[in-house]
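Peer 1: Here's my sequence, what's the structure:
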Amino acid sequence: MHWQDKLRYWLTTNGVVGKLIAVNVLVFILIYLLKTLSFFMQWPEDSWLSWLVFPKEISVYLSRPWTIVSYAFLHADFWHLLSNMIILYFSGQLFLTFYSEKRLLSYYFLGAILGALVYMLSFNFFPVFASIEKSYLLGASAGVMAILIGVATQAPNMQVRLFLLGNIKLWHIAVFFVALDILQLSMSNTGGRLAHLGGAFLGFLYTKQLQQGRNIGAWFEQLLTFISSGFKFPSSKKAPFKKVYKNKAKTKKEVYETAAQKQAKIDHILDKISKSGYDSLSKEEKDYLFNKGGNK
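Peer 2: Numbers count the residues shown, from 1 in each chain. Prediction:
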């Protein structure tokens, strides 16, 4: 199977958690390539990095509004990236037990946005930060915390097995991370820890509101739908009912297709790709792989 076919298949079958991790890793690699190039070319790193990280100054942010999102895909070093992606992977899988992939993205981005706002407001309104001249925010932690605290609020007594620690309830894990940030506020990375707490609060509030029947992120979910559907908002008018007879047999076949049959057909198509390449597939096989393989 050629790399293009593997990439196409991966994009088709992988979930939103895997794609978020992939984007974070890819951005990390690109940034470090830019840093290496800057070193050899003697370019000041701040000359381009400042356009991606989230600033503490409101006036600077107004000239770079995209940084409230772009900063959430940047990381200071490998361990910063690794710790965030491990938590994102495990909390994301648990999150999808209760909510949709679109809602996970909503938690991630809204958590990052609120975390950035808490960071900025803290630096501009608390005197303790007045002496800090150079500071900016980067990292996925606020978005990741929103997902972790969100699922822990939804299922606090769900147990997960951790290496060397055994079974631990989700609310214990959530309390540990929140307490860790609170206790270290005065020690190091104060701005980053404030952003973490902002993301955690968003996750808690979002879930509590959902439990009461209110979706505070509905507007953002609609925005994601707008983007993913080719910039077309779904119509509020219901389409008139049409009774179609010519597709009845096909519909029954799809309804009664078992999971085993579906997997067998996907395996057959993948085997064909590995032997003859993606272009050897018929249109029906390509459609089946994209429509069925992407909805396991």
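Peer 1: my read is residue 164 is in a helix, agree?
Peer 2: No: counting by DSSP: H, G, I helix; E, B strand; the rest coil, one finds residue 164 to be coil, located in no helix.
Peer 1: Can you get me a residue count around it?
Peer 2: Residues contacting residue 164 under the criterion other CB atoms under 10 Å number 4. No exception for glycine: its C-beta is placed from N, CA and C like everyone else's.
Peer 1: How about residue 29?
Peer 2: 11.
Peer 1: Equivalent analysis for residue 144, please.
Peer 2: 32.
Peer 1: same check, this time on the one 5 residues further on
Peer 2: The number of residues packed near residue 149 is 31, by other CB under 10 Å.
Peer 1: what residues are up against it?
Peer 2: By CB atoms under 8 Å, 6 or more residues apart in numbering, residue 149 lies in contact with 174, 177, 178, 199, 200, 201, 203, 204, 207.
Peer 1: how close does it get to residue 112?
Peer 2: Residue 149 sits 14 Å away from residue 112, going by CB to CB, to the nearest Å.
Peer 1: about what we covered before: could you tell me which of the contacts of residue 149 belong to helices?
Peer 2: Judged by DSSP state H, helices contain the following of the contacts of residue 149: 174, 177, 178, 199, 200, 201, 203, 204, 207.
Peer 1: which regions of the stretch 1-150 of the chain lie under the pLDDT threshold?
Peer 2: 1-14, 45-46, 127-134 (pLDDT under 70).
Peer 1: about what we covered before: who wins on neighbours among the contacts of residue 149?
Peer 2: Top of the contacts of residue 149 by neighbour count (other CB under 10 Å): residue 199, with 33 neighbours.
Peer 1: what residues are up against it?
Peer 2: Residue 199 neighbours (CB under 8 Å, 6+ apart): 111, 112, 114, 115, 141, 142, 143, 144, 145, 146, 149.
Peer 1: Any chance of the residues you listed in TSV with secondary structure and distance to residue 101 as columns?
Peer 2: Below are the contacts of residue 199 laid out as TSV (DSSP: H, G, I helix; E, B strand; the rest coil; distance: CB to CB, whole Å):
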residue	secondary structure	distance to residue 101
111	helix	16
112	helix	17
114	helix	21
115	helix	21
141	helix	21
142	helix	19
143	helix	14
144	helix	16
145	helix	19
146	helix	15
149	helix	19
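Peer 1: possible to save those as CSV with distance to residue 40?
Peer 2: Shown next, in CSV, are the contacts of residue 199 (distance: CB to CB, whole Å):
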residue, distance to residue 40
111, 37
112, 32
114, 39
115, 34
141, 31
142, 33
143, 33
144, 33
145, 37
146, 38
149, 42
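Peer 1: Pick the one among those residues closest to residue 164.
Peer 2: Lowest distance from residue 164 to those (CB to CB) belongs to residue 144, with 22.3 Å.
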